[in-house]
Structures are given as C-alpha cells and as structure tokens.
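Trainee: Fold the following and give me the result.
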Amino acid sequence: MLIEFTVGNYLSFKEKKTLSMEATAIKDNPGNVIDAGKYKLLRSVVLYGANSSGKSNFIKAMSKMWGMVMWSAKESSTSEIDLTPFLLSAETGGKPSYFEIVFLIGDIRYRYGFEADKKMIHSEWLFESKVKKEKPLFLRDKNVIEVTDDFEEGKGIEEKTRDNALFLSVVDQFNGIISKKIMKWLKNQIIFSGLQHEEMKGLTSKFLENKGLTTQIKDFLTPLNLGFHDFSLVELDENKNRIVTYHSKYDNKGKVIGKYEFDLLKQESSGTNKLYDMAGSLTCGLELGTLTVIDELDAKLHPLLTMAIVKLFNSPEHNKNNGQLVFATHDTNLLTHGGFRRDQIYFTEKNRLEATDMYSLVEYREPDGTKIRNDRSFEKDYIAGRYGAIPYIGDFSKLINDGKSSED
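Mentor: Okay, here's the model as predicted:
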C-alpha cells in the first residue's frame, strides 16, 4: 500500500511536494481509513485545482517514476533519460529531478527514491523498516554504490550498473529477491488518464475472455444502471473482437418481447465506453488491493457515476482488499457528497513564480491560524476561493459587458 509519494524539480514542481496517504488523527469518516497495523492509511485521495495548476503533472510524475523503474535496465548506455526539470528558474534548470515513494509490502515498509537528469542517475537509495528503525539497503552517489549486508543480492552488481540505469532495476534483472518483490508491487499499480482511457480497454476485455473473471466486471458495471441489462465479448477473428450490450425490446404496451444488441463502441455513449474501458483497472484495484491513479476521472461521466466509483473505494464493505485510489477531478460535487475526510482532499495551485504548490485541506489554516472545521461547506468554500487552487477569471461581469456591441 502507498504511504506517500514525493516529487521535486519536475515539470511544474520546483520544490519537493508530498502527497501522503497516511491518515491524520482527525475523526472524520473512520471507514475511509485502512488499519494496516502500525499504519493508518487512506483509501483514497482527490486532487483539485485550476487548469494548468499541476494536478496532471503530479500524476505524470508518479507515472514517470514507475516507468523509469520498470524499464531503466533495458535501455542502452547511450539512451537519454526523458526528464524535464522545472524550467522557469535559473537555479533548477541544470539540477536533477527528485522522486521518492514510501510503501508497504505486507508489514515491511520501504522507502525508495532517486535523483536524475537526462544524462545520468545522480543518487539513489532504498531503505527498509521491519519493526521501528529504518535501515539502508543501498545508497548511491553517482557511480559509487554502497550495498549493505541486508541487501546481499546487490553485491557484485554495482559495476554492472550504467550511469543512466537505476540500480534497483538492474538488480531485478539478476533475480534479486527484495528487488523482484518491489518491482512486482510497482508493476501491479495502475496509472492512466481518464481522457485517454481507450488504452485500458484491453485489460477489461481480458477479464471478459476469462469466464471466471467475467462476473467481476459485470458486478462492477451492472449496478451503475447504464441502460443495458447485460453485455458480452464477441470474437470476430483471432485478433479482433467487439463488445455487445443487450437492451430490452418492448411492444406498444411496454411489455418486454425480446432483446436488441448494440455495439458498445458505435452505439453506446462516450461515458459508457469510458466506464467499460476503466472497469478492468478499477476491478483490479478493488479485487487485488492495489493502487489506482487516474487523471480526469470525471471526464465524460455523470457526477453520480464518479461518486459511485469513489464510494466503492471508500467503502470497507466493497473494498475489502484495501485498494487505494488517487485521482484528479474538477467535480466539486464530490466535496459535498463524496464523504471525504479533510486529509483526503488535496489542492494544487501555481505561485507567482509559476511553480506548483500542493497542500491538503487538513493542513490549510484560516487567516487566524485555526484549522478548517469539519462542518464547513467544502464545496461552497472552494468555489468561493477560500482554499485557493481556483482559476482567476477577473471581473466576469466586465468580461460579458466588453463582449457586447455598442448597439446593445
């Protein structure tokens, strides 16, 4: 399970900013908290902010770190690392980007991170905590890698690690036990954009190809009342298939006299197609207890459908395997009806230097220094600009009047 993720000097993030899934001591919505032994972790976190405030960049940072760890060892020695630092400051353009993730595998806590630029890995570290005290497994400073006795699998591989490759990824290539466990955990996490959701369609279709897994997809989609009463995958040839939805056909008295097949892609709404595309990923999160990260979750979806997805993850009854959801949205309706704790709500906004700041509602302080009360109207306050993180439009009435002709 994810405990926290930190990024710095990457895209719009100049300073290090951290999203924490660790629950604070507040008493709001206790069901939204996972009891993980020594840790109390949140089932979900939502990101709000104006367009271009950094929400998507934070999710891109998570995706970038995941991708670098998974593929770093397979690149060539001449490959350039695809990283873009914060470019709007003279002090950051030539410095490496920073990524760190803290997570639980079973009851063991790991802290892994690295700093890198386009040419090389500047530093890398892995720490482990089984009881209380954190101990290093390896520490890297450019081409010098120190491996401790607790990470025997890394010994002898230091010299085999290129300047532009992550040591953890290389050790995994040599079947290291700890590194393989960490790589497996990372591989199971799902990160995608709600605007390019078509890329997730294949996972849902794989569920439907397996009769034992088909029920899980239907259990997820059917209660959402999308207009059809059933659906199935129809194979056209070895490399192609189509999804058919079944609608009831009625006589002139409203009696069901049969069913009619619709082609999902051609005849169902874009929102229905998005839900189908995401169904496999969301089901994996709920059934396998993994992390699901989605940018623009609400795009193309009715607010009630977005809310239904969020409530599935926040529910101990439906999310029995403790999957976690991190998502970005503009759907302010969730602030009123999503049932979030204050530590589950994060905001992003740009400062005057165009760098992204990120903070949770539980961290926010009123001008007099007091915390935001739980009985506040979060949606109303957010729209009014009380917490920042909204677009500055100026005098809207003046904009409208300026657009009118002199004859009006």
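Trainee: drop to CA atoms for contacts and neighbour counts, all remaining ones
Mentor: Fine.
Trainee: looking at it, Trp125 is touching Lys142, isn't it?
Mentor: No - between Trp125 and Lys142 there is no contact under C-alpha atoms under 8 Å: 11.2 Å.
Trainee: Tell me which of the two has more neighbours.
Mentor: Comparing Trp125 with Lys142 by other C-alpha atoms under 10 Å, the one with more neighbours is Trp125, at 22 against 15.
Trainee: so how far is Ile3 from the more buried one?
Mentor: Distance of Trp125 to Ile3, given as C-alpha to C-alpha, to the nearest Å: 17 Å.
Trainee: State the mean pLDDT of stretch 337-346.
Mentor: Stretch 337-346 shows a mean pLDDT of 93.
Trainee: Same question for stretch 368-379.
Mentor: For stretch 368-379, the per-residue pLDDT values average out at 82.
Trainee: quick one: terminal-to-terminal distance for it?
Mentor: End-to-end distance for stretch 368-379: 21 Å, by C-alpha to C-alpha.
Trainee: For it, buried residues please.
Mentor: 372, 378-379 (16 or more other C-alpha atoms under 10 Å).
Trainee: Redo the residues you listed as TSV? Include distance to Glu198 and secondary structure.
Mentor: Formatted as TSV, the entries for those read as follows, by distance: C-alpha to C-alpha, whole Å; DSSP: H, G, I helix; E, B strand; the rest coil:
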residue	distance to Glu198	secondary structure
Ile372	39	coil
Phe378	33	helix
Glu379	31	helix
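Trainee: Nearest to Val102, out of these: which one, please.
Mentor: Within the set of the buried residues of stretch 368-379, Ile372 lies nearest Val102; the separation is 27.5 Å, counting by C-alpha to C-alpha.
Trainee: which SSE is the closest residue to Lys320 other than its chain neighbours in?
Mentor: With sequence-adjacent residues excluded and distances taken as C-alpha to C-alpha, 6 or more residues apart in numbering, Lys320 is closest to Leu286, at 7.5 Å. In this assignment (DSSP states H and E), Leu286 forms part of helix 270-288.
Trainee: just Met307 next, same as before
Mentor: Under the assignment here (DSSP H and E), Met307 is part of helix 303-314.
Trainee: Give me the angle between that helix and helix 270-288.
Mentor: Computed with axes from the mean of the first three to the mean of the last three C-alpha atoms, to 10 degrees, the direction of helix 303-314 lies at 10 degrees from that of helix 270-288.
Trainee: Show me how far helix 303-314 is from its chain's centre.
Mentor: 15 Å (C-alpha atoms, centre = their mean, to the nearest Å).
Trainee: neighbouring contacts of it?
Mentor: Here helix 303-314 makes contact (C-alpha atoms under 8 Å, 6 or more residues apart in numbering) with 31-32, 43-44, 224, 286, 297-298, 318-319, 323-325, 331, 333-334, 337-339.
Trainee: pretty sure Arg242 is touching Val234, no?
Mentor: Yes - in this structure, Arg242 is within contact of Val234 by C-alpha under 8 Å, at 5.3 Å.
Trainee: And the strand ranked longest in the chain, how far out from the chain middle?
Mentor: For the chain, the longest strand by residue count, based on DSSP state E, is strand 240-250. For strand 240-250, the separation from the chain centroid amounts to 31 Å (computed by C-alpha atoms, centre = their mean).
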